[in-house]
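Build me a model from this:
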Amino acid sequence: MSSYSPFSKEELLPQEEMLEIKKHKGELFIGLPKESYLGEKRVCLTPDAVGALTANGHRIVVETGAGDGANYTDKEYSEAGAKISYNIEEAFKCNIVLKVAPPTEEEIVYINPQAILISSLQLKTQSKKYFECLAKKRITAIAFDYIKDEHNSYPIVKSLSEIAGTASVLIAGELMSGVNKGNGLLLGNISGVPPSSVVIFGAGTVGEFAAKTAIGLGARVKVFDNSITKLRKLQNALNAPIYTSTLQPKSVAKALMRCDVAIGAIRGKNRSPIVGTEAIVEKMKEGAIIVDVSIDRGGCFETSNVTTHNTPTFVKHGVIHYCVPNIPARYARTASVSISNIFTPYLLNIAEEGGFENTARFDKSLRNGMYFYHGILTNRTVADWFDLPFRDINLLIL
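Residues are numbered from 1 along each chain as shown. Sure, this is the predicted structure:
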């Protein structure tokens, strides 16, 4: 019997393990264009964040006036180490482009082929042509509202939801004064005066922070949600016994008829469920307030219609409706700091890992947010929505 072996003795001996050589820290070239979307005042990086990035050797180009809406001046960005550009194209020509609102088709023309775009996706406002423009430029695009962290939560969405929840109660309190056709009540608990009643639909992050703010002001709060688990978590988070209920039609109708403020914060899978029909809204108090935070998903009230920051309210059946889809932009500076706090560690980590390509191989959260990889569509939701070809990102990044 032959003892022939295709391997030499040396090859059969234990070999040294071949480890991947860690890539050297990369330099990032980041562009911060001015937001062009109507009513969008937020900015992705604050001057402090720019200072942290430039201190680590990264270059940043900021279009003049990019921070105006959030009360950050060109001088602050310049002193933090950024280059201030007076050319609308220059910030778009950087290797990494950061925007809050997605770029328009005209702005995509300015972006260099193979560049990296980080912005929100706002799927419902896009067209098939928009995604074809990104594919043509072979752009790698990350939607920050799709980035999911190791705790299985969406950090930027959660952060902005906290702002929206808190703001919804503050806005309602402002609208309740007689100046805004409200009923002249103060949203709070004054000695000898019955406290205001606030009804919240949805026990998620928006609902939680709306409830915290309303309770802090002394209002009576009722929260409705069909998830007992969410209601239980809300009770624990608030550390206060409040009225909670599933969405029973009779209970909902009774609560809306008696409340001073109703806040819609249920998102739903595709469209927010309508919990307040027109017939119920008709029976609400004269001068009551509806703040429909879920208006970007169709709204929780049948009477809701999209409004803008310039004309935020309308009155229907004697009820004041506030239906602005982008509430955090009203508090642009707070929202900018919040977004910047999440972006900065991500960008520094990308540099530490030797650049975007290497980071994407190991950082699952970055892959979760990616919807284009070198012009190849990698998000199934977008593919199904617009009937476009789709590839799994895990098969493209090796």
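
What is the neighbour count of the closest residue to Leu238 other than its chain neighbours?
Once flanking residues are discounted, Leu238 sits nearest to Ala211: 6.0 Å by C-beta to C-beta, 6 or more residues apart in numbering. From N, CA and C alone the C-beta is placed, and that goes for glycine too. Number of residues near Ala211 (other C-beta atoms under 10 Å) recorded here: 29.

List the buried residues in stretch 240-250.
Neighbour counts using 16 or more other C-beta atoms under 10 Å place Ile242, Thr244 of stretch 240-250 among the buried residues.

roughly how far out does it sit from the chain middle?
Mean C-alpha position of stretch 240-250 versus that of the full chain (C-alpha atoms, centre = their mean, to the nearest Å) differs by 28 Å.

that older thread, may I have whichever strand or helix holds the residue nearest to Leu238 exported as PDB, CA atoms only?
Taking DSSP states H and E as the criterion, Ala211 maps to helix 205-217. The C-alpha trace of helix 205-217 is given here as PDB (Å, rounded to 0.1, in the frame of the first residue of the first chain):
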ATOM      1  CA  THR A 205     -40.200  57.100  23.300                       C
ATOM      2  CA  VAL A 206     -42.300  60.000  22.200                       C
ATOM      3  CA  GLY A 207     -45.200  59.000  24.500                       C
ATOM      4  CA  GLU A 208     -42.800  58.400  27.400                       C
ATOM      5  CA  PHE A 209     -41.200  61.900  27.200                       C
ATOM      6  CA  ALA A 210     -44.500  63.600  26.600                       C
ATOM      7  CA  ALA A 211     -45.900  61.900  29.700                       C
ATOM      8  CA  LYS A 212     -42.800  62.900  31.700                       C
ATOM      9  CA  THR A 213     -43.100  66.500  30.700                       C
ATOM     10  CA  ALA A 214     -46.900  66.700  31.300                       C
ATOM     11  CA  ILE A 215     -46.600  65.000  34.700                       C
ATOM     12  CA  GLY A 216     -43.700  67.400  35.600                       C
ATOM     13  CA  LEU A 217     -46.000  70.300  34.800                       C
END
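
Could you tell me the average pLDDT over that helix, please?
On average, the pLDDT along helix 205-217 is 96.

Give the other helices and strands that the very next helix or strand once past that helix contacts.
Next helix or strand after helix 205-217 toward the C-terminus (DSSP H and E): strand 220-224. If contacts are counted by 3 or more C-beta pairs under 8 Å, 6 or more residues apart in numbering; DSSP states H and E, strand 220-224 sits against strand 197-201, helix 205-217, strand 243-245, helix 249-258.

Within its sheet, name the partner strands of the third one and how each one runs.
It stands for strand 243-245. Paired strands of strand 243-245, with direction, are strand 220-224 (parallel) (DSSP bridges).

Equivalent analysis for the first one, please.
On the basis of DSSP bridges, the sheet neighbours of strand 197-201 come out as strand 220-224 (parallel), strand 261-264 (parallel).

thought Lys93 was touching Ile30?
No - between Lys93 and Ile30 there is no contact under C-beta atoms under 8 Å: 11.5 Å.

In contact with Glu286, which residues?
By C-beta atoms under 8 Å, 6 or more residues apart in numbering, Glu286 lies in contact with Asn183, Gly318, Val319.

Against Leu160, how distant is it?
Look at Glu286 and Leu160: by C-beta to C-beta, to the nearest Å, they are 33 Å apart.

If anything else comes up later, I'll come back, but that's it for now.
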